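J.: Starting from these lines, generate the structure:
(one chain, ligands or ions: 2)
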Amino acid sequence: MKKTILTGLRPTGNLHLGHLFGAGQNYVKLQDEYEFFLEIADVQALTDNFNNPEKVRKNVYEITMDLLAIGIDPKKVNIFLQSKIPEIAELTVYYSNLVTVNRLFRNPTVKAEVAQKKELFGNNGESITYGFLGYPVSQAADITALSGEVVPVGDDQLPLLEQCREIVRKFNNIYGETLKEPEAYLSNVTRLKGLDGNEKMGKSLGNAIFLVDSEEVISKKVMAAVTDPSKIKKDDPANPDICMVYYYHKLVTPDSELKNVCSECKAGKRGCVSCKKELINNLCEFLKPIKEKRKQYEDNPKLVKDILDNGTCNAKKKAEDTLRKVKHAMKIDY
Ligand code: TRP
Ligand code: SF4
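T.: Ligands and ions are numbered 1, 2, ... in the order given. Model (predicted):
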């Protein structure tokens, strides 16, 4: 019997290289060994994008195509849409009784996100919504609805998983052994830095390469990347280990070429402009097969919709089964 994996993504933007190296490549590996459910968490995305439904809707398809393009195989992975599974919403209501409001306020992930979203939730989080505060409960419903045993997440998500485990234990204590306690599987041990050296990558920061970026966009971003600041002239020797261009070379440049980049940089035999041009070229080569695969889906939106429908149908069956057990345990199976 294969173990069940459940993980999710908020459809709020396209995938970038950080997603690919942090998590995506890992999913592609895991898809052979596990029964895999990959949730497009549109309901969760609305908790901090309730005022922008078009963005969420558009990105449901964008992110699905990105996932297929990087090699997620829809025959092996059930990619499903959260809003099409009302059982998850219903479980959220039942689990809400098992979590205190104080505990949610203390959740480090929630706290960090509220601090980042001042425009939405106020300078001190005074305008936080009930929905956003409660999203960890809804995420616990995502995981348990599909009986997720293993949950690949980044370290920023660990407090959410811990919250889920607490809910599961409390549920089982009160209503009898019903739900499985999930385990985290840390998937982005090597969190990728942005081209500016920032630990965080994002569209608004302009420091991330998205899988859908054109050569022109990639050029612009790489040309603005942070290099060894002590290198001023073309033939100054420099330290590649503090250069973001070299950092990205390490991801996409073939080993033999990479050795040259390193030694030439140290010896002052390489100009940063040509070094960047080489990186742009290698990034484009790396992304080429991904883009080609994506194009097949872009040209066939019906296929993308069918893949989502099929994954959702499989996920719904499992969620219905969980909900039946939960209602029975809670004595509301009238
Ligand atoms: N909160 C996750 C994120 O922002 C996305 C997510 C939704 C998720 N449901 C999940 C992750 C269930 C793991 C399990 O990245
Ligand atoms: Fe970075 Fe290349 Fe310039 Fe060296 S030569 S500092 S590796 S961009």
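
J.: Can I get stretch 198-213 in PDB, CA atoms only?
T.: What follows is stretch 198-213, C-alpha atoms only, in PDB (Å, rounded to 0.1, in the frame of the first residue of the first chain):
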ATOM      1  CA  ASN A 198      17.300  38.500  -0.900                       C
ATOM      2  CA  GLU A 199      16.100  35.400   1.000                       C
ATOM      3  CA  LYS A 200      12.600  36.000  -0.300                       C
ATOM      4  CA  MET A 201      11.700  35.900  -3.900                       C
ATOM      5  CA  GLY A 202       8.700  37.400  -5.500                       C
ATOM      6  CA  LYS A 203       7.100  39.200  -8.400                       C
ATOM      7  CA  SER A 204       7.000  42.600  -6.600                       C
ATOM      8  CA  LEU A 205      10.600  42.300  -5.700                       C
ATOM      9  CA  GLY A 206      11.500  41.600  -9.400                       C
ATOM     10  CA  ASN A 207      14.200  39.200  -8.200                       C
ATOM     11  CA  ALA A 208      12.800  35.900  -9.300                       C
ATOM     12  CA  ILE A 209      12.900  34.100 -12.600                       C
ATOM     13  CA  PHE A 210       9.400  32.700 -13.500                       C
ATOM     14  CA  LEU A 211       9.100  29.600 -15.600                       C
ATOM     15  CA  VAL A 212       7.000  31.700 -18.100                       C
ATOM     16  CA  ASP A 213       9.500  34.600 -18.300                       C
END
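
J.: helices or strands next to the biggest helix by length in the chain in the packing?
T.: If you go by DSSP state H, the chain has its longest helix at helix 301-329. Where contact means 3 or more CB pairs under 8 Å, 6 or more residues apart in numbering; DSSP states H and E, helix 301-329 is packed against strand 35-40, helix 53-69, strand 77-81, helix 86-96, helix 135-145, helix 158-175. To be clear about C-beta, it is placed using only N, CA and C from the backbone, and glycine gets the same treatment.

J.: quick one: average pLDDT of it?
T.: Regarding helix 301-329, the rounded mean pLDDT is 98.

J.: buried sites along it?
T.: 304, 307-308, 311-312, 314-316, 318-319, 322-323, 325-326, 329 (16 or more other CB atoms under 10 Å).

J.: sorry, back to before: which one of the helices and strands packed on helix 301-329 has the most crowded surroundings?
T.: When those are scored by mean count of other CB atoms under 10 Å, the highest mean neighbour count falls to helix 135-145 (a mean of 26).

J.: what's the angle from the longest helix of the chain to strand 77-81?
T.: 80 degrees (axes from the mean of the first three to the mean of the last three CA atoms, to 10 degrees).

J.: what is the orientation angle of helix 301-329 with helix 86-96?
T.: Orientation check (the same axes, to 10 degrees): helix 301-329 against helix 86-96 gives 40 degrees.

J.: How far away from the center of its chain is helix 301-329?
T.: Centroid separation between helix 301-329 and its chain, computed with CA atoms, centre = their mean, to the nearest Å, is 21 Å.

J.: can it be found next to ligand 1?
T.: No. Using CB under 6 Å from any ligand atom, helix 301-329 stays clear of ligand 1, with a minimum separation of 12.0 Å.
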